[in-house]
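K.L.:
Here is a sequence with its predicted model. Questions after.
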Amino acid sequence: MNQDLHIVAYAGSIRTGSMHGAVLDIALKEVEGFSDVTVDRIDLAQYPLPLYNADDQKAYGIPDAVWRIQERIEPAHGVLIASPEYNGGYTPLFKNTLDWLSRTDKTLFQGRLVGLITASNGRRGGSNGARQMAELFGYMSVAVHQPTFSIPHAGERLEEGEIPGLGGWLESYVAAARCFTGGDPPG
């Protein structure tokens, strides 16, 4: 039985007017046009998390927001993340979210293909951040679609309303997610 491919997506920045929120919106509009693909966009601003601290986890347990994010990821075949690069690496929000989610289920992202999109106004498009995110997922035994997608001069691209190459990359990601999962979400 052929079922819809279900993708969960979120941005690694919760700043109002975030470039990555806008990039994610453009990407998801395109993905929603693919046949048999459903998308669940998570707004991490709706799930505030304290900075991970094992002492706090021991004293207070895992925050409810972590369980709610996990519930949204569990039925997904793939996870699409658009995240900025801060000082040549991944954002604290990106890392903190993974740190908390790994406390509920270390294998949550395993069996789901992760797609990474970065953007910046510079010429490298946040590619260092993408590399570090991919490496971190690799340490967690999570598959990341290759290549990742970086958008240089992203402010100009967003003003133009067009991100060259994004559609083709998304087609490649969706096709790879279908093959990777065999049509069934893990678990």
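P.N.:
That came through fine.
K.L.:
Which helix runs longest in this structure?
P.N.:
Using DSSP state H to assign secondary structure, the helix with the most residues in the chain is helix 166-181.
K.L.:
any idea which element the residue most central in space within the chain lies in?
P.N.:
When the chain is reduced to its mean C-alpha position, the closest residue under CA atoms, centre = their mean turns out to be Ile81, at 1.8 Å. With elements taken from DSSP states H and E, the one containing Ile81 is strand 78-82.
K.L.:
Quick check: which helices or strands does that strand pack against?
P.N.:
Secondary-structure packing of strand 78-82 (3 or more CB pairs under 8 Å, 6 or more residues apart in numbering; DSSP states H and E): strand 5-11, helix 19-31, strand 113-119, helix 166-181. Placement of C-beta: from N, CA and C, glycine included.
K.L.:
Please identify the deepest-packed of the ones you listed.
P.N.:
Compared across the helices and strands packed on strand 78-82, strand 113-119 shows the largest average neighbour count, a mean of 26 (mean count of other CB atoms under 10 Å).
K.L.:
what does the longest helix of the chain contact?
P.N.:
The contact list for helix 166-181 (CB atoms under 8 Å, 6 or more residues apart in numbering) reads 5, 7, 26-27, 30-31, 34, 37, 77-78, 80, 111-113, 115, 117, 143, 145, 149, 151.
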